[in-house]
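Enquirer: what's the 3D shape of this:
(chains A, B, C and D)
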Protein chains: 2
Amino acid sequence: MPHQTAGTHALSIGELSQRSGVAPSALHFYERNGLITSERTLGNQRRYGRDMLRRVAFIRVSQRVGIPLKDIRTALDSLPEGRTPTKRDWSRLSRLWRSELDARIEALHHLREDLDGCIGCGCLSLKACRLQNPSDELGAGGSGPVRWEPAPGA
Amino acid sequence: MPHQTAGTHALSIGELSQRSGVAPSALHFYERNGLITSERTLGNQRRYGRDMLRRVAFIRVSQRVGIPLKDIRTALDSLPEGRTPTKRDWSRLSRLWRSELDARIEALHHLREDLDGCIGCGCLSLKACRLQNPSDELGAGGSGPVRWEPAPGA
DNA sequence: GTAAAACCTCAACTAAGGTTGAGGTCAAGC
DNA sequence: GCTTGACCTCAACCTTAGTTGAGGTTTTAC
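Expert: Just a heads-up that it's a prediction; the model follows:
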(Lines give C-alpha, C1' and ligand atoms only; values in the text may rest on other atoms or scores of the structure.)
Protein backbone atom coordinates (compact mmCIF):
# COMPACT_ATOMS: atom_id res chain seq x y z
CA MET A 1 0.00 0.00 0.00
CA PRO A 2 1.20 3.49 -0.78
CA HIS A 3 1.36 6.16 1.90
CA GLN A 4 -1.69 8.12 0.86
CA THR A 5 -4.83 6.37 1.98
CA ALA A 6 -7.62 8.52 0.61
CA GLY A 7 -5.88 11.06 -1.54
CA THR A 8 -5.87 11.69 -5.23
CA HIS A 9 -3.09 9.37 -6.31
CA ALA A 10 -3.54 6.83 -9.08
CA LEU A 11 -4.97 3.54 -7.95
CA SER A 12 -3.24 0.20 -8.15
CA ILE A 13 -5.35 -2.70 -9.33
CA GLY A 14 -5.67 -3.94 -5.77
CA GLU A 15 -7.02 -0.61 -4.65
CA LEU A 16 -9.45 -0.33 -7.51
CA SER A 17 -10.56 -3.85 -6.80
CA GLN A 18 -11.13 -3.11 -3.13
CA ARG A 19 -12.95 0.11 -3.69
CA SER A 20 -15.11 -1.13 -6.52
CA GLY A 21 -15.74 -4.59 -5.18
CA VAL A 22 -14.66 -6.09 -8.48
CA ALA A 23 -12.03 -8.84 -8.52
CA PRO A 24 -8.66 -8.03 -10.05
CA SER A 25 -9.15 -10.82 -12.55
CA ALA A 26 -12.36 -9.16 -13.68
CA LEU A 27 -10.57 -5.83 -14.02
CA HIS A 28 -7.95 -7.52 -16.18
CA PHE A 29 -10.78 -8.95 -18.20
CA TYR A 30 -12.46 -5.56 -18.59
CA GLU A 31 -9.21 -4.05 -19.71
CA ARG A 32 -8.58 -6.79 -22.25
CA ASN A 33 -12.01 -6.06 -23.61
CA GLY A 34 -11.59 -2.33 -23.77
CA LEU A 35 -14.01 -1.39 -21.02
CA ILE A 36 -11.39 0.28 -18.85
CA THR A 37 -7.88 1.55 -19.46
CA SER A 38 -4.78 2.04 -17.36
CA GLU A 39 -1.41 3.69 -17.36
CA ARG A 40 1.62 1.64 -16.42
CA THR A 41 4.43 2.26 -13.95
CA LEU A 42 8.03 1.85 -15.07
CA GLY A 43 7.77 -1.64 -13.64
CA ASN A 44 4.72 -2.41 -15.81
CA GLN A 45 2.12 -2.32 -13.09
CA ARG A 46 -1.29 -0.83 -13.77
CA ARG A 47 -2.25 2.55 -12.39
CA TYR A 48 -5.81 3.75 -12.72
CA GLY A 49 -7.06 7.28 -12.78
CA ARG A 50 -9.72 7.97 -10.18
CA ASP A 51 -12.39 8.31 -12.84
CA MET A 52 -12.03 4.58 -13.37
CA LEU A 53 -13.90 4.11 -10.12
CA ARG A 54 -16.97 5.64 -11.66
CA ARG A 55 -16.37 3.77 -14.87
CA VAL A 56 -16.27 0.44 -13.11
CA ALA A 57 -19.31 1.50 -11.14
CA PHE A 58 -21.15 2.18 -14.37
CA ILE A 59 -20.15 -1.21 -15.71
CA ARG A 60 -21.54 -3.00 -12.68
CA VAL A 61 -24.73 -1.01 -12.67
CA SER A 62 -25.22 -1.75 -16.34
CA GLN A 63 -24.69 -5.41 -15.75
CA ARG A 64 -27.31 -5.33 -13.05
CA VAL A 65 -29.71 -3.93 -15.58
CA GLY A 66 -28.80 -6.90 -17.73
CA ILE A 67 -26.79 -5.20 -20.44
CA PRO A 68 -24.07 -7.39 -21.98
CA LEU A 69 -20.50 -6.14 -21.72
CA LYS A 70 -20.32 -5.67 -25.46
CA ASP A 71 -23.11 -3.10 -25.31
CA ILE A 72 -21.68 -1.50 -22.20
CA ARG A 73 -18.48 -1.05 -24.11
CA THR A 74 -20.30 0.62 -26.95
CA ALA A 75 -21.89 3.00 -24.49
CA LEU A 76 -18.56 3.76 -22.83
CA ASP A 77 -17.00 4.39 -26.22
CA SER A 78 -19.42 7.26 -26.63
CA LEU A 79 -17.84 9.13 -23.75
CA PRO A 80 -15.75 12.11 -24.80
CA GLU A 81 -12.10 11.39 -25.27
CA GLY A 82 -9.46 13.58 -23.79
CA ARG A 83 -11.35 14.72 -20.74
CA THR A 84 -12.68 13.17 -17.61
CA PRO A 85 -16.40 12.47 -18.00
CA THR A 86 -18.71 14.73 -16.05
CA LYS A 87 -21.74 13.80 -14.04
CA ARG A 88 -23.77 14.90 -16.98
CA ASP A 89 -21.97 12.37 -19.14
CA TRP A 90 -22.72 9.56 -16.74
CA SER A 91 -26.24 10.74 -16.42
CA ARG A 92 -26.69 10.49 -20.16
CA LEU A 93 -25.35 6.96 -20.22
CA SER A 94 -27.52 5.83 -17.35
CA ARG A 95 -30.51 7.17 -19.18
CA LEU A 96 -29.64 4.84 -22.04
CA TRP A 97 -30.56 1.81 -19.98
CA ARG A 98 -33.75 3.27 -18.69
CA SER A 99 -35.84 2.29 -21.73
CA GLU A 100 -34.11 -1.05 -21.82
CA LEU A 101 -35.30 -1.65 -18.31
CA ASP A 102 -38.81 -0.49 -19.13
CA ALA A 103 -39.02 -2.85 -22.08
CA ARG A 104 -37.84 -5.67 -19.91
CA ILE A 105 -40.46 -5.01 -17.29
CA GLU A 106 -43.13 -4.70 -19.94
CA ALA A 107 -42.15 -8.02 -21.44
CA LEU A 108 -42.20 -9.77 -18.10
CA HIS A 109 -45.69 -8.43 -17.49
CA HIS A 110 -46.80 -9.90 -20.78
CA LEU A 111 -45.20 -13.17 -19.97
CA ARG A 112 -46.93 -13.24 -16.64
CA GLU A 113 -50.30 -12.71 -18.22
CA ASP A 114 -49.65 -15.50 -20.65
CA LEU A 115 -48.42 -17.74 -17.89
CA ASP A 116 -51.54 -17.05 -15.90
CA GLY A 117 -53.57 -18.16 -18.86
CA CYS A 118 -51.58 -21.35 -19.04
CA ILE A 119 -51.83 -21.99 -15.35
CA GLY A 120 -55.56 -21.76 -15.79
CA CYS A 121 -55.80 -24.20 -18.64
CA GLY A 122 -52.70 -26.32 -18.20
CA CYS A 123 -52.69 -26.67 -21.92
CA LEU A 124 -49.33 -25.56 -23.17
CA SER A 125 -50.85 -26.42 -26.50
CA LEU A 126 -48.71 -25.61 -29.45
CA LYS A 127 -51.72 -24.33 -31.30
CA ALA A 128 -53.77 -22.55 -28.72
CA CYS A 129 -51.36 -21.23 -26.15
CA ARG A 130 -49.69 -17.91 -26.76
CA LEU A 131 -46.79 -19.00 -24.65
CA GLN A 132 -46.12 -21.53 -27.31
CA ASN A 133 -46.03 -19.03 -30.10
CA PRO A 134 -43.51 -16.39 -29.22
CA SER A 135 -43.37 -15.74 -32.95
CA ASP A 136 -46.53 -13.77 -32.34
CA GLU A 137 -44.68 -11.23 -30.34
CA LEU A 138 -41.32 -11.43 -31.97
CA GLY A 139 -42.78 -10.72 -35.34
CA ALA A 140 -42.14 -14.08 -36.99
CA GLY A 141 -39.60 -12.78 -39.44
CA GLY A 142 -40.62 -9.18 -39.39
CA SER A 143 -38.99 -6.45 -37.42
CA GLY A 144 -40.84 -6.79 -34.18
CA PRO A 145 -39.98 -5.79 -30.66
CA VAL A 146 -36.44 -6.11 -29.51
CA ARG A 147 -35.54 -9.57 -28.29
CA TRP A 148 -34.52 -8.73 -24.78
CA GLU A 149 -34.23 -12.18 -23.24
CA PRO A 150 -31.28 -14.41 -24.06
CA ALA A 151 -33.61 -16.13 -26.54
CA PRO A 152 -32.41 -19.67 -25.94
CA GLY A 153 -32.96 -21.16 -29.34
CA ALA A 154 -31.97 -18.34 -31.60
CA MET B 1 -41.77 -39.40 -43.21
CA PRO B 2 -44.15 -42.10 -42.03
CA HIS B 3 -47.60 -42.51 -43.54
CA GLN B 4 -49.62 -40.91 -40.80
CA THR B 5 -49.33 -37.17 -40.92
CA ALA B 6 -51.30 -36.03 -37.92
CA GLY B 7 -52.21 -39.21 -36.11
CA THR B 8 -51.18 -40.60 -32.80
CA HIS B 9 -47.97 -42.36 -33.77
CA ALA B 10 -44.71 -41.81 -31.96
CA LEU B 11 -42.70 -38.88 -33.20
CA SER B 12 -39.27 -39.06 -34.76
CA ILE B 13 -36.79 -36.45 -33.63
CA GLY B 14 -37.30 -34.55 -36.85
CA GLU B 15 -41.02 -34.40 -36.26
CA LEU B 16 -40.68 -33.32 -32.67
CA SER B 17 -38.21 -30.71 -33.77
CA GLN B 18 -40.54 -29.37 -36.43
CA ARG B 19 -43.59 -29.30 -34.22
CA SER B 20 -41.86 -27.83 -31.20
CA GLY B 21 -39.59 -25.45 -33.02
CA VAL B 22 -36.59 -26.81 -31.14
CA ALA B 23 -33.51 -27.94 -33.05
CA PRO B 24 -32.68 -31.65 -33.03
CA SER B 25 -29.33 -30.85 -31.46
CA ALA B 26 -31.13 -29.17 -28.61
CA LEU B 27 -33.40 -32.17 -28.17
CA HIS B 28 -30.34 -34.39 -28.00
CA PHE B 29 -28.99 -32.03 -25.40
CA TYR B 30 -32.21 -32.11 -23.38
CA GLU B 31 -32.20 -35.88 -23.46
CA ARG B 32 -28.58 -36.09 -22.36
CA ASN B 33 -29.54 -33.88 -19.46
CA GLY B 34 -32.59 -35.85 -18.48
CA LEU B 35 -35.20 -33.28 -19.47
CA ILE B 36 -36.88 -35.51 -22.01
CA THR B 37 -36.83 -39.23 -22.70
CA SER B 38 -37.35 -41.42 -25.73
CA GLU B 39 -37.92 -44.99 -26.76
CA ARG B 40 -35.77 -46.42 -29.49
CA THR B 41 -36.63 -48.30 -32.67
CA LEU B 42 -34.86 -51.56 -33.41
CA GLY B 43 -32.52 -49.49 -35.51
CA ASN B 44 -31.71 -47.23 -32.53
CA GLN B 45 -33.60 -44.18 -33.66
CA ARG B 46 -35.49 -42.08 -31.15
CA ARG B 47 -39.27 -42.22 -30.93
CA TYR B 48 -41.07 -39.75 -28.71
CA GLY B 49 -44.46 -40.15 -27.13
CA ARG B 50 -46.84 -37.34 -27.94
CA ASP B 51 -46.69 -36.04 -24.39
CA MET B 52 -43.13 -35.00 -25.14
CA LEU B 53 -44.58 -32.17 -27.19
CA ARG B 54 -46.05 -30.66 -24.07
CA ARG B 55 -42.90 -31.43 -22.14
CA VAL B 56 -40.75 -29.59 -24.63
CA ALA B 57 -43.30 -26.81 -24.62
CA PHE B 58 -42.97 -26.54 -20.86
CA ILE B 59 -39.21 -26.42 -21.14
CA ARG B 60 -39.31 -23.53 -23.57
CA VAL B 61 -41.87 -21.63 -21.57
CA SER B 62 -39.79 -22.07 -18.46
CA GLN B 63 -36.73 -20.82 -20.25
CA ARG B 64 -38.64 -17.77 -21.32
CA VAL B 65 -39.39 -17.11 -17.69
CA GLY B 66 -35.66 -17.36 -17.13
CA ILE B 67 -35.44 -20.64 -15.25
CA PRO B 68 -32.18 -22.53 -15.78
CA LEU B 69 -32.45 -26.02 -17.28
CA LYS B 70 -31.23 -27.56 -14.05
CA ASP B 71 -34.25 -26.20 -12.21
CA ILE B 72 -36.58 -27.08 -15.04
CA ARG B 73 -35.32 -30.60 -14.73
CA THR B 74 -36.04 -30.66 -11.02
CA ALA B 75 -39.57 -29.49 -11.73
CA LEU B 76 -40.05 -32.12 -14.42
CA ASP B 77 -38.75 -34.79 -12.09
CA SER B 78 -41.68 -34.05 -9.83
CA LEU B 79 -44.12 -35.24 -12.48
CA PRO B 80 -45.70 -38.59 -11.68
CA GLU B 81 -43.91 -41.56 -13.13
CA GLY B 82 -45.76 -44.26 -14.97
CA ARG B 83 -48.53 -42.15 -16.39
CA THR B 84 -48.89 -39.35 -18.85
CA PRO B 85 -49.09 -36.02 -17.04
CA THR B 86 -52.48 -34.39 -17.01
CA LYS B 87 -53.33 -30.77 -17.60
CA ARG B 88 -53.56 -30.45 -13.87
CA ASP B 89 -49.96 -31.60 -13.57
CA TRP B 90 -48.78 -29.03 -16.07
CA SER B 91 -50.87 -26.40 -14.38
CA ARG B 92 -49.15 -27.12 -11.09
CA LEU B 93 -45.71 -26.82 -12.65
CA SER B 94 -46.54 -23.59 -14.42
CA ARG B 95 -47.68 -22.16 -11.13
CA LEU B 96 -44.21 -22.85 -9.75
CA TRP B 97 -42.71 -20.15 -11.92
CA ARG B 98 -45.34 -17.62 -11.13
CA SER B 99 -43.73 -16.32 -7.95
CA GLU B 100 -40.36 -16.47 -9.60
CA LEU B 101 -41.67 -14.13 -12.24
CA ASP B 102 -43.23 -11.83 -9.66
CA ALA B 103 -39.96 -11.57 -7.77
CA ARG B 104 -38.17 -10.77 -10.95
CA ILE B 105 -40.57 -8.02 -11.84
CA GLU B 106 -40.36 -6.63 -8.32
CA ALA B 107 -36.59 -6.54 -8.48
CA LEU B 108 -36.59 -4.76 -11.80
CA HIS B 109 -38.91 -2.13 -10.39
CA HIS B 110 -36.49 -1.53 -7.55
CA LEU B 111 -33.62 -1.33 -9.94
CA ARG B 112 -35.49 1.18 -12.02
CA GLU B 113 -36.11 3.39 -9.06
CA ASP B 114 -32.46 3.27 -8.15
CA LEU B 115 -31.46 3.97 -11.70
CA ASP B 116 -33.77 6.95 -11.82
CA GLY B 117 -32.01 8.32 -8.79
CA CYS B 118 -28.68 7.90 -10.50
CA ILE B 119 -29.87 9.46 -13.71
CA GLY B 120 -30.83 12.46 -11.65
CA CYS B 121 -27.52 12.87 -9.92
CA GLY B 122 -25.13 11.22 -12.34
CA CYS B 123 -23.10 10.31 -9.33
CA LEU B 124 -22.60 6.58 -9.39
CA SER B 125 -20.78 7.33 -6.20
CA LEU B 126 -19.53 4.30 -4.39
CA LYS B 127 -20.61 5.80 -1.12
CA ALA B 128 -23.84 7.53 -1.81
CA CYS B 129 -25.48 5.63 -4.59
CA ARG B 130 -27.59 2.63 -3.74
CA LEU B 131 -26.86 1.16 -7.14
CA GLN B 132 -23.32 0.95 -5.99
CA ASN B 133 -24.16 -0.96 -2.88
CA PRO B 134 -26.11 -4.01 -3.85
CA SER B 135 -24.92 -5.43 -0.56
CA ASP B 136 -27.69 -3.36 0.93
CA GLU B 137 -30.28 -5.43 -0.73
CA LEU B 138 -28.50 -8.73 -0.90
CA GLY B 139 -27.94 -8.77 2.80
CA ALA B 140 -24.16 -8.42 2.84
CA GLY B 141 -23.55 -11.89 4.12
CA GLY B 142 -26.89 -12.48 5.70
CA SER B 143 -29.72 -14.43 4.19
CA GLY B 144 -31.38 -11.73 2.20
CA PRO B 145 -33.65 -11.89 -0.81
CA VAL B 146 -32.98 -14.52 -3.38
CA ARG B 147 -30.37 -13.53 -5.91
CA TRP B 148 -32.35 -13.95 -9.05
CA GLU B 149 -30.08 -12.20 -11.54
CA PRO B 150 -26.92 -13.91 -12.78
CA ALA B 151 -25.05 -11.78 -10.19
CA PRO B 152 -21.97 -11.13 -12.30
CA GLY B 153 -19.34 -10.81 -9.66
CA ALA B 154 -20.35 -13.45 -7.19
C1' DG C 1 19.12 -5.13 1.66
C1' DT C 2 15.94 -8.43 1.92
C1' DA C 3 11.53 -10.78 2.64
C1' DA C 4 6.82 -10.68 1.75
C1' DA C 5 2.95 -8.96 -0.48
C1' DA C 6 1.33 -7.38 -4.61
C1' DC C 7 1.72 -7.43 -9.23
C1' DC C 8 2.70 -9.20 -14.19
C1' DT C 9 1.48 -12.49 -18.45
C1' DC C 10 -0.31 -16.39 -20.50
C1' DA C 11 -2.81 -20.51 -20.85
C1' DA C 12 -6.24 -23.41 -19.30
C1' DC C 13 -10.50 -24.07 -17.05
C1' DT C 14 -15.53 -23.14 -15.52
C1' DA C 15 -20.69 -22.75 -16.33
C1' DA C 16 -24.86 -22.82 -19.34
C1' DG C 17 -26.91 -23.91 -23.40
C1' DG C 18 -26.28 -25.42 -26.95
C1' DT C 19 -24.10 -26.05 -32.47
C1' DT C 20 -21.11 -28.24 -35.87
C1' DG C 21 -18.84 -31.81 -38.10
C1' DA C 22 -16.96 -36.48 -38.95
C1' DG C 23 -17.83 -40.95 -39.79
C1' DG C 24 -21.25 -44.35 -40.00
C1' DT C 25 -26.31 -46.49 -39.98
C1' DC C 26 -31.49 -46.63 -40.86
C1' DA C 27 -35.70 -46.19 -43.31
C1' DA C 28 -38.71 -44.69 -47.11
C1' DG C 29 -39.82 -44.37 -51.76
C1' DC C 30 -39.22 -45.78 -56.45
C1' DG D 1 -32.53 -53.31 -54.16
C1' DC D 2 -30.79 -49.16 -54.02
C1' DT D 3 -30.45 -44.34 -53.36
C1' DT D 4 -31.32 -40.48 -50.52
C1' DG D 5 -32.60 -38.16 -46.61
C1' DA D 6 -33.05 -38.74 -41.85
C1' DC D 7 -30.88 -40.51 -38.14
C1' DC D 8 -27.03 -42.27 -34.87
C1' DT D 9 -22.70 -41.25 -31.62
C1' DC D 10 -18.92 -38.77 -30.15
C1' DA D 11 -15.84 -35.09 -29.87
C1' DA D 12 -14.83 -30.48 -30.58
C1' DC D 13 -16.23 -25.90 -30.72
C1' DC D 14 -19.03 -21.43 -29.61
C1' DT D 15 -20.38 -17.38 -26.50
C1' DT D 16 -20.34 -14.71 -22.12
C1' DA D 17 -18.14 -13.47 -18.16
C1' DG D 18 -15.02 -14.36 -15.92
C1' DT D 19 -11.53 -17.59 -12.39
C1' DT D 20 -7.41 -20.27 -11.41
C1' DG D 21 -2.76 -21.42 -11.52
C1' DA D 22 2.12 -21.43 -13.02
C1' DG D 23 6.11 -19.07 -13.36
C1' DG D 24 8.28 -14.78 -12.92
C1' DT D 25 8.84 -9.51 -11.54
C1' DT D 26 7.94 -5.15 -8.59
C1' DT D 27 7.00 -2.66 -4.62
C1' DT D 28 6.70 -1.99 0.00
C1' DA D 29 8.02 -2.40 4.63
C1' DC D 30 11.16 -3.43 8.06
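
Enquirer: what's around the closest residue in space to residue A:28 that isn't next to it in sequence, how many residues?
Expert: Using CB to CB, 6 or more residues apart in numbering or on different chains and skipping residues adjacent in sequence, the residue nearest residue A:28 is residue A:13, 7.8 Å away. Where C-beta positions appear, they are placed from N, C-alpha and C, glycine not excepted. By other CB atoms under 10 Å in any protein chain shown, 19 other residues sit near residue A:13.

Enquirer: Could you list the buried residues of the helix or strand where residue A:109 lies?
Expert: In this structure, residue A:109 sits in helix A:87-121 according to DSSP states H and E. Neighbour-count burial for helix A:87-121, with 16 or more other CB atoms under 10 Å in any protein chain shown as criterion, is recorded at A:89-94, A:96-97, A:100-101, A:104-105, A:107-108, A:111-112, A:114-115, A:118-119.

Enquirer: Tell me the pLDDT of the spatially most distant residue from the centre of chain A.
Expert: Ranking residues of chain A by C-alpha distance from their mean position (CA atoms, centre = their mean) puts residue A:121 at the top, at 37.3 Å. According to the predicted model, the pLDDT of residue A:121 comes to 72.

Enquirer: Any figure for the gap between it and residue A:13?
Expert: Distance, residue A:121 to residue A:13, using CB to CB, to the nearest Å: 56 Å.

Enquirer: likewise residue A:103?
Expert: From residue A:103 to residue A:13 the distance is 36 Å (CB to CB).

Enquirer: Repeat that for residue A:36.
Expert: Separation of residue A:36 from residue A:13 (CB to CB): 10 Å.

Enquirer: Touching both of the two, which residues are there?
Expert: A:27, A:48 (CB atoms under 8 Å, 6 or more residues apart in numbering or on different chains).

Enquirer: Now do the strands in chain A.
Expert: A:39-40, A:46-47 (DSSP state E).

Enquirer: so which of those is the most packed in?
Expert: Neighbour counts (mean count of other CB atoms under 10 Å in any protein chain shown) averaged over each of the strands of chain A peak at strand A:46-47, with a mean of 18.

Enquirer: Is there proximity between that one and DNA strand C?
Expert: Yes - using CB under 7 Å from any atom of the strand, we find that strand A:46-47 touches DNA strand C at residue A:46.

Enquirer: residues contacting residue A:84?
Expert: Taking CB under 8 Å, 6+ apart, one finds A:49, A:51 in contact with residue A:84.

Enquirer: go on, the one 4 residues further on?
Expert: Neighbouring residues of residue A:88 by CB under 8 Å, 6+ apart: residue B:122.

Enquirer: State the distance from it to residue A:94.
Expert: 11 Å.

Enquirer: intersection of neighbour lists for those two?
Expert: Counting by CB under 8 Å, 6+ apart, the residues touching both residue A:88 and residue A:94 are residue B:122.

Enquirer: mind checking how far whatever residue of chain A ends up closest to DNA strand D is from chain B?
Expert: When scored by CB to the nearest atom of the strand, chain A has residue A:43 as its residue closest to DNA strand D, at 2.2 Å. Using CB to the nearest CB, to the nearest Å, we find residue A:43 at a distance of 28 Å from chain B.
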